[in-house]
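Peer 1: this one's sequence-less:
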């Protein structure tokens with residue numbers, strides 16, 4: 001039996017997708033639709049949003065209806081594509097970045113001199129901060145090195161309250 005495309009009825013849309021809350025991931029609806037979640041999340045996830053009493057309307061055939069969404073990717077319709085490649089920082093990563101920014105603001109008070117540790121701290125802050133901003137995390141060895149530098153009595157920076165804040169934020173981030 002030969003297939004005749006001109007006499008084939010169009011495909012019927014699927015029933016659709018209805019979501020009450022979405023904090024990441026990927027959803028696709030429709031013929032050939034693709035959704036991909038390549039996002040990176042740091043540390044323990046933030047709590048789910050409050051959804052009590054949330055009314056999610058039924059989706060149109062083949063469509064998507066979402067009541068709340070804080071991240072992810074949605075593709076609806078024939079051959080549609082959506083990709084979420086974001087970096088989502090949880091609360092401990094955001095707190096660590098804020099503490100790093102505060103300490104960076106204090107570093108200009110110090111002269112970079114051989115053996116006082118300022119240049120090393122500055123370098124580690126840069127490496128860790130950049131990694132957090134780009135990927136949502138940082139290598140454990142770098143985090144531990146920065147924490148140890150800030151706790152060491154061999155660095156003049158260790159006496160700052162902002163250095164203690166970074167060390168504590170690293171502990172929180174590492175869990």
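Peer 2: Thanks, I have it. What you see is a predicted model; the values in this text were computed from it and never measured.

Peer 1: show me how far stretch 161-173 is from its chain's centre.
Peer 2: Centre-to-centre, stretch 161-173 and its host chain are 20 Å apart (C-alpha atoms, centre = their mean, to the nearest Å).

Peer 1: could you pull up the residues touching the residue nearest to residue 163 when sequence neighbours are not counted?
Peer 2: Closest residue to residue 163 apart from its sequence neighbours, by C-beta to C-beta, 6 or more residues apart in numbering: residue 150 at 4.4 Å. All C-beta atoms are positioned from the backbone trio N, CA, C, and that covers glycine. Contacts of residue 150 were listed using C-beta atoms under 8 Å, 6 or more residues apart in numbering, and they are 121, 157-158, 163-164, 166-167.

Peer 1: ok, which pair from the residues you listed is furthest apart?
Peer 2: Using C-beta to C-beta, the pair of the contacts of residue 150 lying farthest apart is 121 and 164, separated by 12.9 Å.

Peer 1: higher neighbour count, these two?
Peer 2: Using other C-beta atoms under 10 Å as the criterion, residue 121 and residue 164 rank with residue 121 on top: 25 against 15.

Peer 1: could you report the neighbour count for the nearest residue to residue 88 once chain neighbours are set aside?
Peer 2: Excluding the flanking residues, the one nearest residue 88 by C-beta to C-beta, 6+ apart is residue 41, at 5.1 Å. For residue 41, the count of nearby residues is 18 (other C-beta under 10 Å).
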